[in-house]
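Chemist: 3D model of this:
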Amino acid sequence: MTPPQLHILRCQLPPFGEGARPSAELLEFCRFYGIDFTRGRNDLTYLAGHVPSGPYRLAVHQWRQPRAVANLLVVHGYYDHVGLFGKLLQWGLEQRCNVVSFDLPGHGLSSGEPAVIDDFADYGAAIAAVLGRVRQPQLPLWTMAQSTGGAALVELARAYDWPFAATVLLAPLVRPAGWHGVRLAHSLLSPFIDSVPRKFAHNSADEQFLDFVQSEPLQCRRVPLRWISALRRWLRALPRSDLGVGPALVLQGDNDHTVDWRYNLPVIQALFPDSEVEYLPGAGHQLANESAACRARYLARVSDYLAARGIELGAAPQA
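Modeler: Numbering: from 1, shown residues only. Alright, predicted model coming up:
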């Protein structure tokens, strides 16, 4: 798909609701990104549309299936969008979850300046807005969030009632790798420029995914310094104490050069006490798009974690 086609699609997204059936253009978007899960599956219902959240229009996708055992919310990371998370979305559907995912402000088909946020609280408000609008069956709700998606969940916990029966964090963001240098560069450059060129990271063993991202049309090619400003403010205000929402399963690759995970994990464990941390040897930052072997390993761990909390995936509920 081309940037003009995607711009038209973004502008034409209808309000999310039961009548928000996908247009031909949206179905083409799903085919392009490999999230056309309804193809060959007549039992799936796919809804898509926009949900308002403050000044933003959030692009929301929902897949529902009969005899589901749980509801899953997937939250992507910085520079990502729903179209890049097809592997996790498909796995969730295969595990008999109803799946909801949406583009964070400034990402994908959502509105907002590309990759810009002025307050990380807007990320938490976005999750609350989506959950408040999307109707879901009365089933256990759990969430899986990558990187900045984890920061969005922290902001949700700080300002809203916690809706999740289980939480899984993939390479959660607190501060990026090389943070001291990032702060110095930001302080020196921000009075004079508003962004710097983005360097695409080698953050996964899936070379096909890395090649695709370099050319895919929804990628932001700059690092907006306003986002770094917002991150600095967020870190100064971030508590280092129990959020009161229970533990999480934290999945972290030891070859992650995107976030400062040695610093981050103790902070995450303070925010989510009694969390379980699973280290993934050789895995990079983009866990949602790591190698098939890596994903199989950590998703088996996710299934076990959920089962211990009474959420049995992969089987239809008993009559």
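Chemist: list the contacts for the residue most central in space within the chain?
Modeler: Computing the C-alpha centroid of the chain and ranking residues by CA atoms, centre = their mean puts His76 first, at 1.6 Å. His76 is in contact with 82, 84-85, 101, 103-104, 107-108, 146, 148-149, 288, counting by CB atoms under 8 Å, 6 or more residues apart in numbering. For glycine as for every other residue, the C-beta is placed from the backbone atoms N, C-alpha and C.
Chemist: Which residues belonging to the helix or strand bottoming out on mean pLDDT in the chain are considered buried?
Modeler: Lowest mean confidence among the helices and strands of the chain (mean pLDDT, DSSP states H and E): helix 3-12, at a mean of 92. Within helix 3-12, the residues scored as buried using 16 or more other CB atoms under 10 Å are 6, 9-10.
Chemist: returning to that earlier point: among the contacts of His76, which are in strands?
Modeler: 101, 146 (DSSP state E).
Chemist: ok, the contacts of His76 vs Asp122, which is closest?
Modeler: Distance to Asp122 across the contacts of His76 (CB to CB) is lowest for Leu104, with 8.7 Å.
Chemist: does the closest one really touch Ala125, like I thought?
Modeler: No - in this structure Leu104 lies outside contact range of Ala125 using CB atoms under 8 Å: 10.8 Å.
Chemist: The residue lying closest to Glu94 once chain neighbours are set aside: which element?
Modeler: Nearest residue to Glu94, sequence neighbours excluded (CB to CB, 6 or more residues apart in numbering): Gly314, at 7.5 Å. Following DSSP states H and E, one finds Gly314 outside all helices and strands.
Chemist: what's the burial count for Gly314?
Modeler: The tally of other residues near Gly314 (other CB atoms under 10 Å) stands at 11.
Chemist: cool, and Val99?
Modeler: For Val99, the neighbour count with other CB under 10 Å is 27.
Chemist: Can you classify it by secondary structure?
Modeler: Recorded secondary structure, Val99: strand (DSSP: H, G, I helix; E, B strand; the rest coil).
Chemist: Any chance you could give me stretch 192-212 in CSV, C-alpha atoms only?
Modeler: Taking C-alpha atoms only, stretch 192-212 is exported to CSV below (Å, rounded to 0.1, in the frame of the first residue of the first chain):
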residue,chain,number,x,y,z
PHE,A,192,17.7,24.0,17.6
ILE,A,193,16.0,21.1,15.9
ASP,A,194,12.8,19.1,16.3
SER,A,195,14.0,15.6,15.3
VAL,A,196,17.0,13.5,14.2
PRO,A,197,17.2,10.7,11.6
ARG,A,198,16.2,7.3,12.9
LYS,A,199,18.5,4.4,12.6
PHE,A,200,16.7,1.2,12.1
ALA,A,201,17.9,-1.3,14.7
HIS,A,202,18.8,-4.9,14.1
ASN,A,203,16.5,-5.9,16.9
SER,A,204,15.3,-9.4,15.8
ALA,A,205,16.6,-12.6,14.4
ASP,A,206,13.8,-12.5,11.8
GLU,A,207,15.6,-11.0,8.8
GLN,A,208,12.5,-11.0,6.7
PHE,A,209,10.7,-8.8,9.2
LEU,A,210,13.7,-6.4,9.5
ASP,A,211,13.7,-6.0,5.7
PHE,A,212,10.0,-5.4,5.6
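Chemist: list the buried ones in that stretch?
Modeler: 195, 201, 203-206, 209-210.
Chemist: re the thing from before, between Leu104 and Ala125, tell me which one has more neighbours.
Modeler: Between Leu104 and Ala125, counting by other CB under 10 Å, Leu104 is the more crowded of the two (28 against 21).
Chemist: ok, now how distant is that one from Ala159?
Modeler: 16 Å (CB to CB, to the nearest Å).
Chemist: All the helices of this protein, in order from the start?
Modeler: Taking DSSP state H, the helices of the chain run over residues 3-12, 24-33, 86-94, 121-133, 148-159, 179-189, 207-215, 225-237, 261-271, 292-307.
Chemist: Minimum distance to Ala171: which of these has it?
Modeler: helix 261-271 (6.9 Å).
Chemist: Hmm, Leu287 is touching Leu280, no?
Modeler: Yes - the criterion here is CB under 8 Å, and Leu287 meets it with Leu280 at 7.3 Å.
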